[in-house]
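> With the sequence up front, the predicted model follows.
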Amino acid sequence: MKLKTQTFEIRSSPGSVGTVGFKEHSCEFFKRQYDKFKDKAPAFGVFFFMQTSLAITDPELIKEVFVRNFESFHERGFFINEQADPLSAHLFALGGQQWKELRAKLSPTFTSGRMKMMFPLVVKAADRMVEYLMPYADNIEELEVKEVYAEFTTEVISSVAFGLDIPCLGNPDSEFRKVSKTLFEPTKLENIKIMFIFAFPELAKGLNMRFIPKKSADFFMGVIRDTLEYREKNNVERNDFLQLLINIRDTEGMTFNEIAANSFIFFNAGFETSSSVMTFSTYELALNQDIQERLRTEINEVIAKNNGEITYESIMEMKYLDMVFNETLRKYPIVDIQIRKSVKDFAIPNTNLVIPANTGIMIPVYAIHHDEKYYENPDKFDPERFTEEIVRKQLPYTFIPFSEGPRQCIGLRFGTMQAKIGIVKLVKNFKILPCSKTLIPMKYNPPSGFMSPLGGMWLKFEKL
């Protein structure tokens, strides 16, 4: 028999694809529905942009989707139009054999050895961020820090992905920053177009519609083309992501469009996720001064043992930093819903239920991370949940900020490194404080494709 799912009319459409005209963020909608069904069924159904989808509540079924029966759920079901929108054909969106071959090519670019090569570029940008913040810290001014962190990560990604030394901090009108805003802060018209693409993907493809705005796509394609031409003409090599793609092109084969698309998704993912983790971690550190002080003590002790230097190895040595980082992702998973698509009928083990082919699969990460069955007092920020001893006892597939299985985020090492360097530099140099504009309790911006604070994140820095 087919799996019969109760459906819901989503009057306030989920925000995880940047929709318009709704009152709550997708994480809040799915948390409410998850709480209704988590003890009744392994999954519940929703209409998502006029398509039937299944939201999973059971960790064992999540394991089936992510790992055990990956061959049945290897697609994400995202819109791809390689002809009209070549940047859409990147690793995150592709499926099937195309994804498999591209993943095999790109995986070696994200080893710890490659991260060490990129490490100095990230530290350089983090030092500029500290320098930029110093005048605000002198006067202990209220500051909207999400934009600061976004400028920092944009600067890092433009350097590491594209090989460009572009000062974005304190320069929100830089071309890279303006283009990144068009991707993560779309207009109402763009949002309506995105809704149409999700609801009618085949029609949208037939109409040659683009998921990525043409102006943004032209900018990225032009940057890649100019940088490749410059490097080839001047015999320039650089320890960055673009150089790794050039090496793949020269040894295994990679088209210009593939280089451009995967540089684009590296920028897209690395920019927003890392800046958001920094936003929420510094928010919690400001509200929990004891945790902030303990983290600062660890940072200073580890740096002292390493001759006063921040190195790749010293960042990896900071265990409490890792606990703070993971608790931030537990409480504020940047991607609040993981997406998959069934490619064939799948019989759920130990039941007579079948998930039909072409069903959208949604993993409500935020809801699972806030389930009191797995995390006592889930609204409390408590890094002690991630001691080595407790992590060993953690029920698998109840902490999934980067997904799991073969489609786990390929760039998690880089994103983690970038965010941790930023946090270390901030905590080492400043006391982070709440201010009159700080959101207490937290409220999320409904249209945001990621979890984002409503009205930005306002904090104060005091120079140490």
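Here it is on my side, so go on.
> low pLDDT regions in the stretch 201-350 of the chain?
Regions of the stretch 201-350 of the chain meeting the criterion pLDDT under 70 are absent.
> As a check, name the ranges of all strands in it.
Taking DSSP state E, counting those that start in this stretch as the criterion, the stretch 201-350 of the chain carries its strands at 337-341, 346-347.
> And for the stretch 51-200 of the chain?
With DSSP E, counting those that start in this stretch as the criterion, the stretch 51-200 of the chain has strands at 51-56, 142-144.
> Return the most buried member of these.
Across the strands of the stretch 51-200 of the chain, the average number of neighbours (mean count of other Cβ atoms under 10 Å) peaks for strand 51-56, which reaches a mean of 20. For every residue, glycine as well, the C-beta is placed using N, CA and C.
> now that one, how far from the chain's geometric center?
Relative to the centre of its chain, strand 51-56 is centred 22 Å away, using Cα atoms, centre = their mean, to the nearest Å.
> other SSEs contacting that strand?
helix 26-37, strand 43-48, strand 360-364 (3 or more Cβ pairs under 8 Å, 6 or more residues apart in numbering; DSSP states H and E).
> can we see that at 7 Å?
strand 43-48, strand 360-364 (3 or more Cβ pairs under 7 Å, 6 or more residues apart in numbering; DSSP states H and E).
> And those, which one averages the lowest pLDDT?
In terms of average pLDDT, strand 43-48 trails the rest of the helices and strands packed on strand 51-56, at a mean of 83.
> how big is the angle separating that one from strand 337-341?
Strand 43-48 runs at 90 degrees relative to strand 337-341, counting by axes from the mean of the first three to the mean of the last three Cα atoms, to 10 degrees.
> Packing partners of strand 43-48?
By 3+ Cβ pairs under 7 Å, 6+ apart, strand 43-48 packs against strand 51-56.
> mean confidence score for the strand it packs on?
pLDDT averaged over strand 51-56 gives 87.
> What's the local residue count around residue 339?
18 (other Cβ atoms under 10 Å).
> what's the spacing between it and residue 201?
Per Cβ to Cβ, to the nearest Å, residue 339 is found 13 Å from residue 201.
> And the strands in the stretch 351-464 of the chain?
Taking DSSP E, counting those that start in this stretch to define them, one finds strands in the stretch 351-464 of the chain at 354-355, 360-364, 430-434, 458-463.
> What residues sit buried inside the last one?
This points to strand 458-463. 458-461 (16 or more other Cβ atoms under 10 Å).
> Ok, the second one next?
For strand 360-364, the buried set under the neighbour-count rule, 16+ other Cβ under 10 Å, comprises 360-364.
> Quick check, residue 136 in contact with residue 143.
Yes. Using Cβ atoms under 7 Å, residue 136 makes contact with residue 143 at a distance of 5.2 Å.
> so what sits against both of those two?
By Cβ atoms under 7 Å, 6 or more residues apart in numbering, residue 136 and residue 143 have these common neighbours: residue 461.
> And the residue nearest the centre of this structure?
residue 273 (3.5 Å; Cα atoms, centre = their mean).
> close enough to count as contact, that residue and residue 336?
No. Assessed by Cβ under 7 Å, residue 273 is found out of contact with residue 336, at 12.0 Å.
> So what's the residue count around residue 228?
18.
> Could you do the one 5 residues further on as well?
If you count neighbours by other Cβ under 10 Å, residue 233 ends up with 8.
> quick revisit: with the buried residues of strand 458-463 in mind, which one is nearest to residue 380?
Checking the buried residues of strand 458-463 against residue 380 by Cβ to Cβ gives residue 459 as the nearest, at 19.9 Å.
> so that closest one touches residue 439, yeah?
No. Under the contact definition of Cβ under 7 Å, residue 459 does not touch residue 439, with a separation of 10.2 Å.
> Would you convert the helices and strands packed on strand 51-56 into TSV that also reports distance to residue 121?
Shown next, in TSV, are the helices and strands packed on strand 51-56 (distance: least, Cβ to Cβ, whole Å):
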stretch	distance to residue 121
strand 43-48	39
strand 360-364	33
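> nearest to residue 110, of those strands?
Minimum separation from residue 110 across the helices and strands packed on strand 51-56 (Cβ to Cβ) falls at strand 360-364, 22.6 Å.
> what helices or strands is that closest one leaning on?
strand 51-56, strand 337-341.
> hmm, 10 Å instead?
helix 26-37, strand 43-48, strand 51-56, helix 59-63, strand 337-341 (3 or more Cβ pairs under 10 Å, 6 or more residues apart in numbering; DSSP states H and E).
> I'd like these as JSON lines, with distance to residue 166 appended.
Below are the helices and strands packed on strand 360-364 laid out as JSON lines (distance: least, Cβ to Cβ, whole Å):
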{"stretch": "helix 26-37", "distance to residue 166": "32"}
{"stretch": "strand 43-48", "distance to residue 166": "37"}
{"stretch": "strand 51-56", "distance to residue 166": "40"}
{"stretch": "helix 59-63", "distance to residue 166": "40"}
{"stretch": "strand 337-341", "distance to residue 166": "32"}
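> Quick one: closest of the ones you listed to residue 247.
Comparing the helices and strands packed on strand 360-364 by Cβ to Cβ, strand 337-341 comes nearest, at 30.9 Å.
> Packing partners of that closest one?
Against strand 337-341 (3+ Cβ pairs under 10 Å, 6+ apart) you get helix 26-37, strand 51-56, strand 360-364, helix 365-369.
> change it to 7 Å
With contacts taken as 3+ Cβ pairs under 7 Å, 6+ apart, strand 337-341 sits against strand 360-364.
> now the strand it packs on against strand 337-341, angle please.
Computed by the same axes, to 10 degrees, the angle between strand 360-364 and strand 337-341 is 160 degrees.
> now what about strand 360-364, what contacts it?
Contacts with strand 360-364, where a contact means Cβ under 7 Å, 6+ apart, come from 30, 34, 48, 51, 53-56, 62, 65, 73, 77, 337-342, 400.
> swap the cut-off to 6 Å and go again
By Cβ atoms under 6 Å, 6 or more residues apart in numbering, the surrounding residues in contact with strand 360-364 are 30, 34, 48, 51, 53-56, 62, 65, 77, 337-338, 340-341.
> Same question for stretch 302-315.
For stretch 302-315, using Cβ under 6 Å, 6+ apart, the contacting residues are 116, 119, 317-318, 420.
> One more pass at 8 Å, please.
With contact meaning Cβ atoms under 8 Å, 6 or more residues apart in numbering, stretch 302-315 is reached by 112, 115-116, 119, 123, 317-318, 321, 417, 420-421, 424-425, 428.
> Okay, now that stretch: how far is its last residue from its first?
8 Å (Cα to Cα, to the nearest Å).
> Check which residues of that stretch are buried.
302-303, 310-312, 314-315.
> In a markdown table: those, plus distance to residue 41.
A markdown table is the format used below for the buried residues of stretch 302-315 (distance: Cβ to Cβ, whole Å):
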| residue | distance to residue 41 |
| --- | --- |
| 302 | 47 |
| 303 | 50 |
| 310 | 48 |
| 311 | 49 |
| 312 | 45 |
| 314 | 47 |
| 315 | 42 |
